[in-house]
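J.: Please work out how this folds:
(one chain, ligands or ions: 1)
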Amino acid sequence: MQLISSPQEMQKLAIELRAKGKRISFVPTMGALHEGHLMLLREGRKRGDTLVLSIYVNPTQFAPTEDLSKYPRDKGGDLAKAKGCGTDIVFFPSDEMMYPKGYQTYIEVTEATKGLCGASRPTHFKGVTTVVQKLINIVRPHVMLLGEKDYQQLVTIKTMVKDLNIPVEIVGVPTVREMDGLAMSSRNAYLSREEREAALSLSKGIFAAQKAFKNGEKNAQKLINIAEEMIKAAKLPRIDYLKVCDADTLKEITTVDRPARLLIAAYLGKTRLIDNCALENI
Ligand code: AMP
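T.: Residues are numbered from 1 along each chain as shown. The predicted structure is shown next:
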C-alpha cells in the first residue's frame with residue numbers, strides 16, 4: 001500500500017495508471033475509519049483495478065463554530081484498516097497542499113443544498129463539493145463510492161457530476177449500522193453512554209415510519225409523526241429536522257407517491273447526528 005501526500009504526485013500516478021488501462025476506484029473520507037468506510041472500500045475493491053482512499057479532514061466544510069479541531073483522527077488505525085480492505089493507495093494531503101495561499105475557487109450546487117443540513121450548515125456543502133471536485137481532479141477515478149448515510153451529500157455530488165459533465169461514475173452504498181441499528185459515524189465517538197442510548201431512537205423512529213409506509217401509510221406528516229413520537233420519548237435528542245423528501249431532488253413532499261427518503265438530523269448534547277431511510281416500494 002502506497003502513501004502519497006502530494007497532489008501532484010497523486011495526479012501523475014493516476015494519469016500513468018489510466019494510460020496503462022487501469023480502472024481507478026476511489027473512496028473519499030475524513031478518516032477515523034469505521035465499518036461504514038470499510039464497506040465503501042470493499043465495494044471499491046470489487047469495482048476497480050486500483051483502489052484509492054483519501055483521508056482529509058477538509059476545513060472548508062466546517063463552519064468556525066464546528067468541530068474541525070476536535071474531529072477524531074487515527075492515522076495508524078486507518079492505515080491498518082485500509083490495508084485490510086486491499087487499498088492500493090492512500091492519499092493523505094495537508095491543508096497547505098489542498099488550499100495554498102491565494103486559494104479562491106469554489107463550487108456550489110444551489111438547489112439540493114438549500115434545505116435539510118444546508119439550512120443549519122449554510123457553508124458546508126460548498127466546502128464538500130469544492131474538495132470532492134479537487135479530489136476527482138487529483139485522483140482521476142473511474143468510479144467513486146459514497147455512503148447513503150450522508151444522503152444529501154450523495155444527491156449533491158451526483159448533481160454536481162451531472163451538471164458539470166464530470167467523467168466519473170457515482171455509486172451510493174447503503175448505510176452500515178451498529179448491531180442495534182444506530183448508523184455508524186465517526187461522530188458517535190463523542191457520545192456519552194446516556195446519549196448513545198438515546199441516539200438509538202433516531203434509527204428506531206425512522207424505521208418505525210418506514211414500516212408504516214410499507215403497511216400503506218403515504219401521508220408524509222403522519223410518517224414524520226410516527227418517527228417524532230419515538231424520538232421524543234427518548235427525551236435527550238433535539239431534532240434539527242425530520243422531513244420526507246423526493247429521493248432525487250430532496251424537495252419536501254406531502255404524499256409519498258414517488259421514491260422518497262425520510263431524513264433526520266438531531267443533536268445529542270453537542271453532537272449532531274444524521275440518518276435517513278428509503279420510502280419506496282421495492
Ligand atoms: P466521512 O469520513 O464521514 O466524510 O465519510 C466518508 C464516506 O463514508 C462518505 O461517503 C460517507 O457517506 C460514508 N459513510 C460514513 N458513514 C457511513 C455508514 N455508516 N455507512 C455507509 N457509508 C458511510
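
J.: Unless I misread the structure, residue 275 falls within a strand.
T.: Yes. Assignment of residue 275 by DSSP: H, G, I helix; E, B strand; the rest coil places it within a strand.

J.: Would you quantify the distance from residue 130 to residue 147?
T.: 19 Å (Cβ to Cβ, to the nearest Å). Glycine gets a C-beta too; all of them are placed from N, C-alpha and C.

J.: Over to residue 113?
T.: 17 Å.

J.: Counting neighbours, go ahead and name the busier of those two.
T.: residue 113 (26 against 22; other Cβ atoms under 10 Å).

J.: Please verify my assumption that the more buried one contacts residue 156.
T.: Yes. If you go by Cβ atoms under 8 Å, residue 113 and residue 156 touch, sitting 5.5 Å apart.

J.: Quickly list what's touching both of the two.
T.: Common neighbours of residue 113 and residue 156, counting by Cβ atoms under 8 Å, 6 or more residues apart in numbering, are residue 125.

J.: Get me the contact residues on the stretch 1-150 of the chain for the ligand.
T.: Contact residues (Cβ under 6 Å from any ligand atom) of the stretch 1-150 of the chain with the ligand: 29-30, 36-37, 39-40, 146-147, 149-150.

J.: Now intersect those residues with the strands, please.
T.: 29, 146-147 (DSSP state E).

J.: Tell me if I'm right that residue 13 and residue 3 touch.
T.: No. The pair residue 13 and residue 3 fails to qualify as a contact (Cβ under 8 Å) at a distance of 11.9 Å.

J.: Between these two, which is the more surrounded one?
T.: When residue 13 and residue 3 are compared for neighbours, residue 13 comes out ahead with 21 against 12, by other Cβ under 10 Å.

J.: residues in contact with the more buried one?
T.: By Cβ under 8 Å, 6+ apart, the neighbours of residue 13 are 4, 89.

J.: Could you measure from it over to residue 252?
T.: Using Cβ to Cβ, we find residue 13 at a distance of 44 Å from residue 252.

J.: what does residue 162 give?
T.: Taking Cβ to Cβ, one finds residue 162 at 21 Å from residue 252.

J.: try residue 270
T.: Residue 270 is 27 Å from residue 252, by Cβ to Cβ.

J.: same check, this time on residue 211
T.: 21 Å.

J.: Neighbour count for those two, which is higher?
T.: More crowded of residue 211 and residue 252, by other Cβ under 10 Å: residue 252, with 15 against 12.

J.: If the more buried one is in a bridge, with which residues?
T.: Beta-bridge partners of residue 252, counted by DSSP bridges, are residue 245.

J.: Report the closest residue of the stretch 51-200 of the chain relative to the ligand.
T.: residue 147 (2.3 Å; Cβ to the nearest ligand atom).

J.: Give me the common contacts of residue 13 and residue 3.
T.: Common contact partners of residue 13 and residue 3 (Cβ under 8 Å, 6+ apart): residue 89.

J.: need the helices for the stretch 151-282 of the chain, in chain order.
T.: Assigned by DSSP state H, counting those that start in this stretch, the helices in the stretch 151-282 of the chain fall at 151-163, 193-214, 220-233.

J.: closest one to residue 280 among those helices?
T.: Nearest of these to residue 280, taken as Cβ to Cβ: helix 193-214 at 8.6 Å.

J.: Show me the shaky parts of the stretch 51-200 of the chain.
T.: In the prediction, the stretch 51-200 of the chain carries no residues with pLDDT under 70.

J.: That one: strands as residue ranges?
T.: 89-91, 143-147, 169-173 (DSSP state E, counting those that start in this stretch).

J.: Using PDB, write out every CA atom in the last one.
T.: By that I understand strand 169-173. Extracted as PDB, the C-alpha positions of strand 169-173 are listed here (Å, rounded to 0.1, in the frame of the first residue of the first chain):
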ATOM      1  CA  GLU A 169     -19.500   7.000 -12.100                       C
ATOM      2  CA  ILE A 170     -21.000   7.600  -8.600                       C
ATOM      3  CA  VAL A 171     -22.000   4.600  -6.600                       C
ATOM      4  CA  GLY A 172     -24.200   5.000  -3.400                       C
ATOM      5  CA  VAL A 173     -23.500   2.400  -0.700                       C
END
